[in-house]
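In: Pasted the sequence and its predicted model underneath.
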Amino acid sequence: MRLAIIACVFAIVATAQSDAAKSDIDSQSFSRLPLIKREQLSGDALRVYDAVVGKDANGKDRPIPPLGPAATSLYSMGVALPMDQLNKYLRNTVVGTAMYQICTLIAAREFDENYEWNSHEAGAKRANVDQKTIDAIKFNRPLDGLPEKDALVVRFGRAIFQDRKVSPELYAKVIEVFGQQGMFELTAVMGDYAMAAIMLRAVDQHVPNATSELPKIKH
């Protein structure tokens with residue numbers, strides 16, 4: 001009887017601790033960090049905010065930033081601006097939109113980052129990335145039957161993230177297909193989204209109205 005009471009007490013405490021942990025998520029940002037609003041800022045901080053957040057569809061200042069990496073990065077204006085500039089450049093990388101989106105999905109999958117995945121799965125489809133490629137990344141499947149370039153980029157990403165090294169043969173093939181600048185920019189896109197994923201995991205970024213959920217997998 002006494003053991004049963006103790007077990008019950010531990011269960012209640014564990015539930016309370018779980019509820020308390022959930023309570024640190026802000027209702028507007030869906031993360032642990034409240035949104036920084038435009039009216040809170042002035043001077044250089046305001047100029048950085050406007051550069052990162054941009055205008056709305058009507059060309060007006062956005063009083064509230066978008067969720068995710070942009071909102072999180074504004075807690076360090078010195079990080080926010082170069083991070084935003086890098087991301088804007090990489091969206092027009094020499095490897096093209098489809099390969100860019102594949103790299104974002106690789107990074108999202110490797111860090112199990114649902115916010116990034118939800119943000120870029122639709123973008124990959126708009127860029128006409130083969131659904132087999134998206135699913136191979138999502139479920140960590142073999143690459144048989146994928147378009148050749150898609151499979152090469154996924155192999156390259158898995159070598160970087162999972163093997164922690166790139167073989168001379170794989171490196172040479174990536175250079176042959178994408179060139180030296182292309183190889184480096186593929187790497188930069190994955191690195192950019194790996195950095196964002198780490199930020200989002202730290203602040204426990206949730207996904208409002210998520211359309212897709214990354215399944216749990218073992219690499």
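Out: That came in fine, so what should we check first? Please read all numbers here as calculations on a predicted model, not as lab measurements.
In: When you work out contacts or count neighbours from here on, use the C-alpha atoms and nothing else.
Out: Will do.
In: in this structure, which spans are helices?
Out: Secondary structure of the chain, counting by DSSP state H: helices at 2-22, 43-53, 69-73, 77-90, 97-110, 114-126, 131-138, 148-158, 168-202.
In: Give me whichever of those helices is most buried.
Out: helix 97-110 (a mean of 25; mean count of other C-alpha atoms under 10 Å).
In: From the contact counts, what lies against that one?
Out: Using 3 or more C-alpha pairs under 8 Å, 6 or more residues apart in numbering; DSSP states H and E as the contact criterion, the secondary-structure elements in contact with helix 97-110 are helix 114-126, helix 131-138, helix 148-158, helix 168-202.
In: residues making contact with the first one?
Out: Spelled out, that is helix 114-126. Outside helix 114-126, the residues within contact range by C-alpha atoms under 8 Å, 6 or more residues apart in numbering are 68, 98, 101-102, 104-105, 108-109, 131, 134, 193, 197, 200, 205-207, 210-214.
In: Could you check how far the residue most central in space within the chain is from residue 58?
Out: The residue lying closest to the centre of the chain (C-alpha atoms, centre = their mean) is residue 116, at 3.3 Å. Residue 116 sits 26 Å away from residue 58 when distances are taken as C-alpha to C-alpha, to the nearest Å.
In: per-residue pLDDT, the spatially closest residue to residue 175 that is not a sequence neighbour?
Out: Using C-alpha to C-alpha, 6 or more residues apart in numbering and skipping the chain neighbours, the partner closest in space to residue 175 is residue 183 (6.0 Å). On the pLDDT scale, residue 183 is placed at 98.
In: ok, now the one 3 residues further on?
Out: Residue-level confidence at residue 186 comes out at 98, pLDDT.
In: again with residue 84
Out: So residue 84 comes in at 97 (pLDDT).
In: swap in residue 9?
Out: We note a pLDDT of 36 for residue 9 in this prediction.
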